[in-house]
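Colleague: I'd like to go over a predicted model; first the sequence, then the structure.
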Amino acid sequence: MLRPLRTLRRAARTAAVTPAALLLPLAGAQVASAAEASSGSGYWHTSGRQILDADNQPVRVAGINWFGFETANYVAHGLWSRDYKSMIDQMRSLGYNTIRLPSSDDIFAGTEAASINYSGGMNSDLQGLDSLGVMDRTVDHAGSLGMKVVLDRHRPDSAGQSPLWYTSAVPESTWLANLKSLAGRYAGNDAVIGIDLHNEPHDPACWGCGDTTKDWRLAAERGGDAVLSANPDLLIFVEGVQAFDGASGWWGGNLMGAGRHPVELSVAHRVVYSAHDYATSVAQQPWFTDASFPGNMPGVWDKYWGYLFKQNIAPVWMGEFGTTLQSTTDQKWLKALADYLRPTDQYGGDSFSWTFWSWNPNSGDTGGVLKDDWTSVDTVKDGYLASIKAPDFGNGDGSGGDGGGGGDGGEDTQAPTAPSGLTVTATTGTSVSLSWSAASDDTGVTGYDVYRGSTKVGAATGTTYTDTGVSAGTSYTYTDRARDATGNTSPRSASVTALTTGSGSGSNSGCTAAYTVNGDWGSGFGVDVTVTNTGTSAATSWKVTWTWDGGQKVTNMWNASYTQSGGAVTVTNTDYNGSLAAGAHTSFGFQGAPGAGGVPTVSCTLS
């Protein structure tokens, strides 16, 4: 199916940063411990710097942006590949508690949702619905999982972003009417907790200048009151501008004027200020080249938006932040920002809220939490967010943190790199032949250990090996690792699955399951599993099993259901991916803890 072009997110403006002003004490701030945080019930409201649920318990938005309704597809992207429920289930399983859904005013014109895949029963309940109908189903499924939704008026139309909240084609009157319509549509449905009034206002938008054609603060008051007239329970998310008092930054990321000129609405305790912040994969900013980077970043954030939280003026939601993570600068930036936003296990709901940009892999200058197959998780990127996630809206599950390792205390403690390119070169009924590319090491690689599942089956001094301890018609998963003269060993290679020839007596005949570790950060790991029907007839269901010997536990799984007893894991299909034609394949993924360990032997059956 034709996929839309990658979305280039924004241009950015740069300006020098002056030293941040001294911050006031956190007067009156209620500090919520992890044990005090709640489940996020009902509609939410604000008190000082905190967002509170219906039971007046502090809550934290810790979510993800899923874009597409604002584009000419008029629906969240990726439904050309997957079922929408599967997407949302996966978000929830990864610990995201909120979805920010960007859209444009076009969806109020009865637009038809495009690029939805209905084959094999996928997205069947979306057939015949317009864009708003699909949004309804998206909200309902998220709410059924206990998730919340923030609706984001991202742009006036699908053609592109606008600096002001109106254009000649979409006047302010249309903006206000559509905001009111959207609020009324979800009145009584507390899965929708608020509306983000307009995405990334920028020059010539101003804050507090008094010009009603440019003053975003005054427009936000009009827009917020329009929303509250239809649903007084909603939060009103108000982004910043680009420039204030000569200081310029990210579009929508400058809230310097909000302390002096606050947004005042007809219903109290509804304003949440929203900032956007990005790294060098989007654009350069002067703070990235400062000699003190990344130590200078808390001062930058304090100046532009953090002071609102630290002075207990209002809650702050980091509505967008993202990066490809390709540069060291971006990696340091994301680590510093996650620390600044405050770890959930320490602060619970008394924290900055956030939604990461983005779930989608097709954001051109940031990529996403998902990889390009729209199923696999970028576990490195997702891992940076572990400490600030709040699956239960701020009760702190103690998860997260980067894994680490050390040497063996000898003179040479540097391990070799992992071998790459592990490939099955030949199979018979009694053997599997493998080859791989050489690893590197500071003192030289002396050999390789080859593993079938978690069992070491042999060693090689070169880059080939043949395993002869196998049975006919059976699927086996292999990895290898390098070692040097001191005994330092590399991480395991990516896994590869081989199916021996002939008819097997075991349960693998006609089915293979390729188990690939896609990330291991010490305290957790991610795995992709591809199930293939290698038989000659269609199947209606499948089952995959394996047994770990290292104490690993599945912590969340998507596109499949599972049970675990000790180290034994049994995985079965969902109702939408059980049918496999001959030669067809499907996939599921999961995260586990603590570390990946060896790749187990995986069995697969069809029926």
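Modeller: Received the coordinates, thanks.

Colleague: please make it C-alpha for all contacts and neighbour counts, starting now.
Modeller: Noted.

Colleague: enumerate every residue touching L218.
Modeller: Shown in contact with L218 (Cα atoms under 8 Å, 6 or more residues apart in numbering): 208, 210, 212, 263.

Colleague: try Q591
Modeller: Per Cα under 8 Å, 6+ apart, neighbours of Q591: 524-527, 554-557.

Colleague: from those, which is closest to S495?
Modeller: V527 (10.3 Å; Cα to Cα).

Colleague: OK, contacts around the closest one?
Modeller: 515-519, 589-591.

Colleague: among those residues, which lie within strands?
Modeller: The members of the contacts of V527 that map onto strands under DSSP state E are 515-519, 589-591.

Colleague: reformat these as JSON lines; add distance to V377 and pLDDT.
Modeller: Output for these, formatted as JSON lines (distance: Cα to Cα, whole Å; pLDDT from 0 to 100):
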{"residue": "Y515", "distance to V377": "14", "pLDDT": "89"}
{"residue": "T516", "distance to V377": "12", "pLDDT": "84"}
{"residue": "V517", "distance to V377": "11", "pLDDT": "83"}
{"residue": "N518", "distance to V377": "8", "pLDDT": "72"}
{"residue": "G519", "distance to V377": "9", "pLDDT": "70"}
{"residue": "G589", "distance to V377": "8", "pLDDT": "84"}
{"residue": "F590", "distance to V377": "9", "pLDDT": "86"}
{"residue": "Q591", "distance to V377": "9", "pLDDT": "82"}
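
Colleague: tell me how many other residues surround the closest residue to T468 other than its chain neighbours.
Modeller: Excluding the flanking residues, the one nearest T468 by Cα to Cα, 6 or more residues apart in numbering is S431, at 4.4 Å. Here the count is done by other Cα atoms under 10 Å, and S431 has 19 residues near it.

Colleague: hang on, the earlier thing: from the contacts of Q591, keep the buried residues only.
Modeller: Among those, those classed as buried by neighbour count (16 or more other Cα atoms under 10 Å) are 524-527, 554, 556-557.

Colleague: list the residues that contact the closest residue to T323 other than its chain neighbours.
Modeller: Spatial nearest neighbour of T323, chain neighbours left out: T366 (4.2 Å); criterion: Cα to Cα, 6+ apart. The neighbours of T366, taking Cα under 8 Å, 6+ apart as the test, are 281-282, 322-325, 357-358.

Colleague: can you list phi and psi of E239 for me?
Modeller: Backbone torsions of E239, given as degrees, to the nearest 10, read phi -80, psi 170.

Colleague: what's the local residue count around it?
Modeller: 30.

Colleague: hmm, it is touching V263, no?
Modeller: No. Using Cα atoms under 8 Å, E239 makes no contact with V263, being 10.8 Å away.

Colleague: of all pairs in the buried ones among the contacts of Q591, which one spans the longest distance?
Modeller: G524 and M557 (13.4 Å).

Colleague: what about the strands in the stretch 201-350 of the chain?
Modeller: Secondary structure of the stretch 201-350 of the chain by DSSP state E, counting those that start in this stretch: the strands cover 235-239, 243-244, 247-248, 271-278, 316-322.

Colleague: the last one - contacts with which helices or strands?
Modeller: For strand 316-322, the helices and strands in contact under the criterion 3 or more Cα pairs under 8 Å, 6 or more residues apart in numbering; DSSP states H and E are strand 271-278, strand 353-356.

Colleague: same thing but at 10 Å, please
Modeller: Using 3 or more Cα pairs under 10 Å, 6 or more residues apart in numbering; DSSP states H and E, the elements in contact with strand 316-322 are strand 50-52, strand 62-65, strand 235-239, strand 271-278, helix 307-310, helix 328-341, strand 353-356.

Colleague: dump those to a markdown table, plus distance to W287 and mean pLDDT.
Modeller: Shown next, in a markdown table, are these (distance: least, Cα to Cα, whole Å; pLDDT from 0 to 100):
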| stretch | distance to W287 | mean pLDDT |
| --- | --- | --- |
| strand 50-52 | 29 | 95 |
| strand 62-65 | 26 | 98 |
| strand 235-239 | 21 | 98 |
| strand 271-278 | 12 | 98 |
| helix 307-310 | 18 | 96 |
| helix 328-341 | 10 | 96 |
| strand 353-356 | 21 | 98 |
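
Colleague: in a markdown table: these, plus distance to M147.
Modeller: Shown next, in a markdown table, are the helices and strands packed on strand 316-322 (distance: least, Cα to Cα, whole Å):
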| stretch | distance to M147 |
| --- | --- |
| strand 50-52 | 16 |
| strand 62-65 | 9 |
| strand 235-239 | 16 |
| strand 271-278 | 19 |
| helix 307-310 | 24 |
| helix 328-341 | 21 |
| strand 353-356 | 13 |
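
Colleague: go through those and name the closest to T536.
Modeller: That would be strand 62-65 among the helices and strands packed on strand 316-322, by Cα to Cα, at 41.2 Å.

Colleague: which residue is the nearest non-sequential neighbour of P298?
Modeller: Closest to P298 by Cα to Cα, 6+ apart is Y340, at 6.7 Å.

Colleague: actually S435, not the one I wrote
Modeller: T464 (4.3 Å).

Colleague: ok, the contacts of L218 vs F108, which is closest?
Modeller: Once Cα to Cα is applied, the member of the contacts of L218 that ends up nearest F108 is T212, at 25.5 Å.

Colleague: identify the contacts common to G524 and M557.
Modeller: 591-592 (Cα atoms under 10 Å, 6 or more residues apart in numbering).

Colleague: any stretches of this structure with poor pLDDT?
Modeller: 1-39, 395-413, 454, 502-509, 521-522 (pLDDT under 70).

Colleague: grab the most central residue of this protein for me.
Modeller: By Cα atoms, centre = their mean, the chain has its centre lying nearest to V369, at 3.9 Å.

Colleague: that one: what's it in contact with?
Modeller: 64-65, 91, 322, 324, 356-361, 375-383.

Colleague: any idea which of the helices and strands packed on strand 316-322 gets closest to A426?
Modeller: From the helices and strands packed on strand 316-322, taking Cα to Cα, the stretch that ends up closest is helix 328-341, at 40.2 Å.

Colleague: who are the packing partners of the closest one?
Modeller: Against helix 328-341 (3+ Cα pairs under 10 Å, 6+ apart) you get strand 271-278, helix 297-301, strand 316-322, strand 353-356, helix 379-384.

Colleague: mind listing what the residue nearest to P298 touches?
Modeller: Going by Cα under 10 Å, 6+ apart, the list of residues near Y340 reads 297-298, 301-302, 306, 334, 351-352, 388.

Colleague: let's see if you can find the most crowded of the residues you listed.
Modeller: Most surrounded of those: other Cα under 10 Å gives I388, at 34 neighbours.

Colleague: no further questions, thank you.
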